[in-house]
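A.B. asks: Attaching a predicted model along with its sequence, questions to come.
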Amino acid sequence: MAKATRPPLNWLALFKESGVAALIALGLSIVMFGLRTVDQQGGLGVQTRWSWVVFAVVSVFIGRLVLAIYRETRQPPHTPSGTQDSEQNRFAEFVRKISKVVAPLLIIFAIALPFLPFSSRYIIDVATLVLTYIMLGWGLNIVVGLAGLLDLGYVAFYAVGAYSYALLAYYFDFSFWICLPLAGIFAATFGIILGFPVLRLRGDYLAIVTLGFGEIIRVVLINWYTFTGGPDGLSSIPRPSFFGLPFSRRVPEDSETFHTFFGLDYSSMHRIIFLYFLILALALITNFFTLRMRKLPLGRAWEALREDETACRSLGINPTNTKLSAFAIGAGFAGFAGSFFATRQGFISPESFTFIESAVILAIVVLGGMGSQLGVVIASILLIGGTELFRGLEEFRMITFGGLMVAVMVWKPRGLLAHRDPTLRLHAPSHTPESHKSNT
Amino acid sequence: MKTNASIPLLTVEHLTMRFGGLVAIDDVSFTVQNAEITALIGPNGAGKTTVFNCLTGFYTPTVGRLTLNTGTRRYLLERMEGFHINKHASVARTFQNIRLFPNMSVLENLIVAQHNRLMRASWMTIGGLLGLPGYQKAQKQAVDLARYWLDKVELTDHADVDAGNLPYGAQRRLEIARAMCTKPVLLCLDEPAAGLNPKESAELNQLISYIKNEHRIGIILIEHDMSVVMKISDHIIVLDHGSKIADGTPEAIKEDPAVIAAYLGEEA
């Protein structure tokens, strides 16, 4: 019925729009695709690939045109806000149902993964990496997603954790299981030390200070050569043991190793799988801790602080302590993840703790939907697993990656799973005010 | 003037607030009695909200003493900082531009207001993490108190809705309920009737009177809506350009020439 009343397509405007898009594509693709430096005899030479540029421009033109025509013909002139609302509600309902099923399934899958037939050392290594980022994402989610403190220097606490483990093991010969809690405590302490002066800042200012702090930690690690080994890093960090049983091929005198104790043949996979389960356990602890905190007064105060700090003060909530607790707990989890990272790599250097790491962790939290635990998992798999998956695309890996992020932000600007469920309900979830009224 | 032998709940003496060269409040003194509604009125920019901000710790007054006397303890509010005023002296407030937690549910808004009680019950979170029964009980009590106030402000049906999705009038009522969940001895309402229609205004009158009569707490009210002010307040203080120009019962204020001059302008 709307077809009769719709004005005819304004082809000139559509072509103009596509033309502008094609022009932008031209400008970008000349430098990105058109010119390429190649090694030649006697230095660098420039290779031109004009056919690539033509292809890019033409495909952008056609793509934009199709998109514009689609937009003009499909979208009704006015979307009633009511339908949009109900669509959002339906999506929220869907997410709620899905996450109830998906979360346990994911955990079961994660536990079973090393024993599945297709799992190779490569897959478990990638899964361990993804889990490390999931844990970091969950840790940062406390700070950014729940307490609303934009922290651009989260990797600093990761570095503190990794270095405290490496240095404690190096100077005091502590074992992994002693260092793990200590690393978390050290990182949390650093969180408090940083947090105390800067948490009076809000929003952008806090982001800048935390960004600076992240860099300070890295620069100190590089320059304090006598203590941290500087840019050379620290190597031969002790590997974790299975509650005292080392994973080594050579059996030391009058003691046992993992494989002799359990009567297995030695396999280098034992340690890989053990590390995988270790990070899985650490990540799950982070998750359950966060889920539990959300239902406690402190966790609710974090969320309230994110919503409105002034209102919190008027309700007698101490903003400084509440923010500090979020900052310290988030930092503590980064510290745990850091010491895991150190023991897995066996070698750490300041190179591993650059700003880009903070950015990736933040991207995971934002992309997943602030405050959403399942969102962090999906975003980590996409971002970390995805970069591994796109390795085959070589030079287009980053552009694919960037395109994915743009696509998510266009379609779901508040993150993949931005839905938030109340931590406490008075009525059953299916209860709606309307249905209640009609009953009474 | 009413003579009351008992010690007033709140005594404001020589309150002065300067922002650089601007004198927002100039030597204002008044008292607030328990179980009474005291209205603070005056033209725009008279300094009413500044008085509130001094009372609730958002500003530290330049000069003056603010004494809160609960009968058992005396608090000097001007020496207390920010959140301590609600936490220890039990003064609660609402805001002129509503400040709820929009992405949290209505019930959660009311539970957050009981933060300090629940924090103690959860042993600063540690007991709560371990799932000790004391915390469960405290949370149940908190929900019961929230349910009581939800009933009073007629939002029980909407308890699980995000506070930001409530209609405007409901948000105003929720903010009052949230302030009441902190169990205050003095409630400061900053323009609670702003933006309400006459029917909602009348309901608000009932709610405020109910709080006064049933909970016997002191209420200070900033309001422009004279239908609210004249009907429910026991005592009116008029501010103009930072100074107090009148103080008395609604009947006395209506006739006061200084008040008429401040609102309507002086005859030339």
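C.D. replies: Happy to help now that I have it.

A.B. asks: When you work out contacts or count neighbours from here on, use the C-alpha atoms and nothing else.
C.D. replies: Fine.

A.B. asks: moving C-terminal of the strand or helix carrying residue A:195, what's the next helix or strand?
C.D. replies: Using DSSP states H and E, residue A:195 sits in helix A:176-198. Sequence order places helix A:203-223 as the next helix or strand after helix A:176-198, per DSSP H and E.

A.B. asks: who touches the helix or strand following that following helix?
C.D. replies: Remark: after helix A:203-223, the chain's next helix or strand is helix A:225-228, criterion DSSP H and E. Contacting residues not belonging to helix A:225-228 are listed as A:163, A:167, A:221, A:222, A:231, A:234 [C-alpha atoms under 8 Å, 6 or more residues apart in numbering or on different chains].

A.B. asks: Any buried residues in helix A:225-228, and which?
C.D. replies: Across helix A:225-228, burial judged by 16 or more other C-alpha atoms under 10 Å in any protein chain shown covers residue A:228.

A.B. asks: Just the CA coordinates for that helix, please, in PDB.
C.D. replies: Coordinates of each C-alpha in helix A:225-228 appear next as PDB, following Å, rounded to 0.1, in the frame of the first residue of the first chain:
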ATOM      1  CA  TYR A 225      68.100  -2.500  33.400                       C
ATOM      2  CA  THR A 226      69.700  -3.800  36.600                       C
ATOM      3  CA  PHE A 227      66.400  -4.900  38.100                       C
ATOM      4  CA  THR A 228      64.100  -5.900  35.200                       C
END
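
A.B. asks: Secondary structure element holding the spatially most central residue of chain A?
C.D. replies: In chain A, the centroid-proximal residue (C-alpha atoms, centre = their mean) is residue A:364; its distance is 2.7 Å. Secondary structure assignment for residue A:364, by DSSP H and E: helix A:355-368.

A.B. asks: pull the CA atoms of that helix into CSV?
C.D. replies: What follows is helix A:355-368, C-alpha atoms only, in CSV (Å, rounded to 0.1, in the frame of the first residue of the first chain):
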residue,chain,number,x,y,z
PHE,A,355,49.4,0.3,24.5
ILE,A,356,48.0,-1.8,21.7
GLU,A,357,47.3,-4.5,24.2
SER,A,358,45.2,-2.2,26.4
ALA,A,359,43.4,-1.1,23.2
VAL,A,360,42.6,-4.7,22.2
ILE,A,361,41.3,-5.5,25.7
LEU,A,362,39.2,-2.4,25.8
ALA,A,363,37.9,-3.2,22.3
ILE,A,364,36.9,-6.6,23.5
VAL,A,365,34.9,-5.1,26.4
VAL,A,366,33.3,-2.4,24.2
LEU,A,367,32.6,-4.7,21.3
GLY,A,368,31.0,-7.4,23.5
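
A.B. asks: Past it, which element shows up next along the chain?
C.D. replies: Going down the chain from helix A:355-368, the next helix or strand is helix A:373-380, by DSSP H and E.

A.B. asks: Name the residues of the helix or strand following that following helix that are buried.
C.D. replies: Next in sequence after helix A:373-380, counting helices and strands by DSSP H and E, comes helix A:386-389. Buried residues in helix A:386-389, counted by 16+ other C-alpha under 10 Å: A:386, A:387.

A.B. asks: Just give me the neighbour total for residue 11.
C.D. replies: Assuming you mean chain A. Residue A:11 has 11 neighbours, counted by other C-alpha atoms under 10 Å in any protein chain shown.

A.B. asks: look at chain B instead
C.D. replies: By the measure other C-alpha under 10 Å, the count of residues near residue B:11 is 18.

A.B. asks: Now do the contacts for it.
C.D. replies: Taking C-alpha under 8 Å, 6+ apart, we find residue B:11 in contact with B:29, B:30, B:31, B:32, B:65, B:66, B:67, B:68.

A.B. asks: can I assume the fourth one is in contact with residue B:218?
C.D. replies: Yes: using C-alpha atoms under 8 Å, residue B:32 is in contact with residue B:218, at 6.9 Å.

A.B. asks: And these two? Which one has more around it.
C.D. replies: Legend: neighbour count by other C-alpha under 10 Å for residue B:32 and residue B:218, higher for residue B:218 (24 against 21).

A.B. asks: and that one, what are its bridge partners?
C.D. replies: When assigned by DSSP bridges, residue B:218 has beta-bridge partners residue B:186.

A.B. asks: Per the annotation, how does the chain divide into domains?
C.D. replies: Here I'm looking at chain A. The record's domain split for chain A, according to automatic domain parsing, is A:7-39+A:46-74, A:98-245+A:267-411.

A.B. asks: look at chain B instead
C.D. replies: If you go by automatic domain parsing, the domain ranges for chain B are B:1-90+B:184-268, B:98-183.

A.B. asks: Doesn't residue B:183 lie inside a helix?
C.D. replies: No: secondary structure of residue B:183 (DSSP: H, G, I helix; E, B strand; the rest coil): coil, not part of a helix.

A.B. asks: those strands in the chain, which residues are they?
C.D. replies: This is for chain A. Secondary structure of chain A, counting by DSSP state E: strands at A:35-40, A:43-48.

A.B. asks: look at chain B instead
C.D. replies: B:10-19, B:22-32, B:37-41, B:63-69, B:74-76, B:91-93, B:186-190, B:218-222, B:235-240, B:243-248.

A.B. asks: what are the C-alpha coordinates of stretch A:390-406, in PDB please?
C.D. replies: Below are the C-alpha coordinates for stretch A:390-406, written out as PDB (Å, rounded to 0.1, in the frame of the first residue of the first chain):
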ATOM      1  CA  PHE A 390      42.400 -14.400   9.000                       C
ATOM      2  CA  ARG A 391      46.100 -15.200   8.900                       C
ATOM      3  CA  GLY A 392      45.500 -16.700   5.500                       C
ATOM      4  CA  LEU A 393      44.400 -13.300   4.200                       C
ATOM      5  CA  GLU A 394      47.900 -12.000   4.800                       C
ATOM      6  CA  GLU A 395      48.000  -8.300   4.000                       C
ATOM      7  CA  PHE A 396      44.300  -7.900   4.100                       C
ATOM      8  CA  ARG A 397      44.000  -9.300   7.600                       C
ATOM      9  CA  MET A 398      44.000  -6.000   9.400                       C
ATOM     10  CA  ILE A 399      41.500  -4.400   6.900                       C
ATOM     11  CA  THR A 400      39.100  -7.400   7.400                       C
ATOM     12  CA  PHE A 401      39.500  -7.000  11.100                       C
ATOM     13  CA  GLY A 402      38.800  -3.300  10.900                       C
ATOM     14  CA  GLY A 403      35.800  -3.900   8.600                       C
ATOM     15  CA  LEU A 404      34.400  -6.300  11.100                       C
ATOM     16  CA  MET A 405      34.700  -3.800  13.900                       C
ATOM     17  CA  VAL A 406      33.100  -1.100  11.900                       C
END
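
A.B. asks: Okay then, goodbye and thanks.
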